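S.K.: Below: sequence and its predicted model.
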Amino acid sequence: MWKMSRAGSSQLSPDGTQLVYTQTDYNMAENRGVTTIWMQTLADNAVVRLTDTSSNSVSPQWSADGQKIYFLSDRSGSQQVWEMTPKGEKATQLSSFDKDVEGFGVSPAGDKVWYVQRVQVADRLSGDIYKDMGKSNAHIYDDLMARHWNRWNDGTRLHIFVGDFGAKGIAAGTDIIGADADWDAPMEPYFDMAEIAWNHAGTQLAYTCKPMAGAEYAVSTDSDIFLYDLAKGTSVNLLKPRADIDYHNAAYAPFALLGYDKYPVWSPDDQQLAFRSQKREGNESDKDRLFVWNAQTGAMRDLTAAFDELSGVHVAVVLLILESAVYVQPAYGRGERRDADQPSPNGFPHVYHPASPI
């Protein structure tokens, strides 16, 4: 198994002709693995490696015009943001922060960047609490969670920063979660950067967060979708009741969304936001639903109310439907055939949903 190369993250070029992706290879003699970035031309399936094996290069992302590829690399000694041409040339370091960059996203206009770094928010190590015991590295806890899956709580959290991006690279940004916030965004244990999304105008950032700590955090699955407005410099929770919204007795007002809510995806016109949602708080294996939030009214719609389950359906499919009506194929039970060739009455793409046009 260790002799097999492993494919990682990938992204299509804006014109849909090339695929950039990562590949990890392991060297048993050296007891190390290295991740490199590759390019595949879809017309002829030609593949070329863009980065060498002297360092790790991950998280490739295309610029909006397709002229550059942004990525993370540890070639400078710490993991920072870099850019290169689609041919792997002119590699340039864009950030020089004092800590590793765990993830990032360039705004569509190319003038802003969100990036994720680990922030010290609490003293958990004995050497931090007792200054005369600098060599001691015991963990001290008086509340949950001490450990989530395979990671001990060491007093650090992942926070999202937003900074300017210009000719001099990426400037140090603002911690939009709050310097003392004892929770993660993106959330543990996956720390999935897909929980963060620019709108197409580059003016707002949607992200997933569960702003709880201690025992409350340990027993709750009530994560929410937050919206950071760059002009105002503030975040609002979209899924909890707001005084500035009249919900008009909507079937799904925000107070009904008490389980996991994750993975925001914007519509092309930025007027709607899709996300995955679970209904019941405290139930990690509840049914995943596909919800849409309306930016004008604050109303919510469950597009999958009649589904038995929503297994393996990524929220990004909603990009097909948010700006126009689509034909929604009736739902099928386990083992039943889905005929993708069945013509739709209005000519729009198929979306498997038991209702009529959305």
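M.R.: Sure thing, it's come through.
S.K.: All the helices of the stretch 101-250 of the chain, residue numbers only.
M.R.: Here the stretch 101-250 of the chain has its helices, by DSSP state H, counting those that start in this stretch, at 126-129, 214-219.
S.K.: and those as JSON lines, adding mean pLDDT and distance to residue 283?
M.R.: C-betas here are computed from N, CA, C, even on glycine. Below are those laid out as JSON lines (pLDDT from 0 to 100; distance: least, Cβ to Cβ, whole Å):
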{"stretch": "helix 126-129", "mean pLDDT": "91", "distance to residue 283": "36"}
{"stretch": "helix 214-219", "mean pLDDT": "92", "distance to residue 283": "11"}
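S.K.: Need these in CSV (columns: mean neighbour count and distance to residue 184).
M.R.: Converted to CSV, the helices of the stretch 101-250 of the chain look like this (neighbours: other Cβ atoms under 10 Å; distance: least, Cβ to Cβ, whole Å):
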stretch, mean neighbour count, distance to residue 184
helix 126-129, 15, 19
helix 214-219, 14, 10
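S.K.: Can you tell me which of the ones you listed is nearest to residue 140?
M.R.: Closest to residue 140 of those is helix 126-129 (Cβ to Cβ; 5.7 Å).
S.K.: closest one to residue 23 among the helices of the stretch 101-250 of the chain?
M.R.: For these, the distance to residue 23 is smallest for helix 214-219, at 36.1 Å, taking Cβ to Cβ.
S.K.: how about that closest one as CSV, C-alpha atoms only?
M.R.: Output of helix 214-219 as CSV, limited to C-alpha atoms (Å, rounded to 0.1, in the frame of the first residue of the first chain):
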residue,chain,number,x,y,z
GLY,A,214,-16.1,23.3,27.5
ALA,A,215,-18.8,20.8,28.3
GLU,A,216,-21.3,22.7,26.1
TYR,A,217,-19.2,22.2,23.1
ALA,A,218,-18.6,18.5,23.9
VAL,A,219,-22.3,17.6,23.9
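S.K.: hey, which helix or strand in the chain has the poorest pLDDT?
M.R.: Between all helices and strands in the chain, the lowest mean by mean pLDDT, DSSP states H and E belongs to strand 327-329, at a mean of 39.
S.K.: Redo the helices of the stretch 101-250 of the chain as CSV? Include distance to residue 161.
M.R.: Putting these into CSV (distance: least, Cβ to Cβ, whole Å) gives the following:
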stretch, distance to residue 161
helix 126-129, 23
helix 214-219, 22
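S.K.: Select, out of these, the one closest to residue 146.
M.R.: helix 214-219 (9.4 Å).
S.K.: which other residues reach that closest one?
M.R.: With contact meaning Cβ atoms under 8 Å, 6 or more residues apart in numbering, helix 214-219 is reached by 143, 144, 145, 183, 210, 282.
S.K.: Mark which of the residues you listed are buried, thanks.
M.R.: Burial of the contacts of helix 214-219 was assessed by neighbour count (16 or more other Cβ atoms under 10 Å); the buried members are 145, 183, 210.
S.K.: from the residues you listed, which ones fall inside strands?
M.R.: Assigned to strands by DSSP state E, none of the buried ones among the contacts of helix 214-219 qualify.
S.K.: If residue 57 is in a bridge, with which residues?
M.R.: Applying DSSP bridges to residue 57 yields these beta-bridge partners: residue 73.
S.K.: out of the helices of the stretch 101-250 of the chain, nearest to residue 176?
M.R.: Within these, the stretch nearest residue 176 is helix 214-219; the backing value is 19.5 Å (Cβ to Cβ).
S.K.: Okay, and the beta partners of residue 300?
M.R.: With DSSP bridges as the rule, residue 300 is bridged to residue 293.
S.K.: how close does it sit to residue 189?
M.R.: Counting by Cβ to Cβ, to the nearest Å, the gap between residue 300 and residue 189 amounts to 27 Å.
S.K.: follow-up on the earlier one: right, and the helices of the stretch 101-250 of the chain - which one's nearest residue 228?
M.R.: Among the helices of the stretch 101-250 of the chain, helix 214-219 sits nearest to residue 228 (Cβ to Cβ), with 21.3 Å.
S.K.: Could you tell me how far that closest one lies from the centre of the chain?
M.R.: Centroid separation for helix 214-219 versus its chain: 23 Å, with Cα atoms, centre = their mean, to the nearest Å.
S.K.: let's number from 28 now, not from 1
M.R.: Sure, I'll start counting at 28 from here, so that last one is helix 241-246.
S.K.: Which one of the helices of the stretch 128-277 of the chain lies nearest to residue 229?
M.R.: The closest of these to residue 229 is helix 241-246. By Cβ to Cβ, the value is 31.8 Å.
S.K.: How about the contacts made by residue 180?
M.R.: Contacts for residue 180 were tallied using Cβ under 8 Å, 6+ apart; they are 151, 166, 168, 172, 173, 174.
S.K.: for residue 248, that is, sorry about that
M.R.: Residue 248 makes contact with 237, 286, 287, 305, 308, 309, 310, 311, 313, according to Cβ under 8 Å, 6+ apart.
S.K.: Cool, thanks, signing off.
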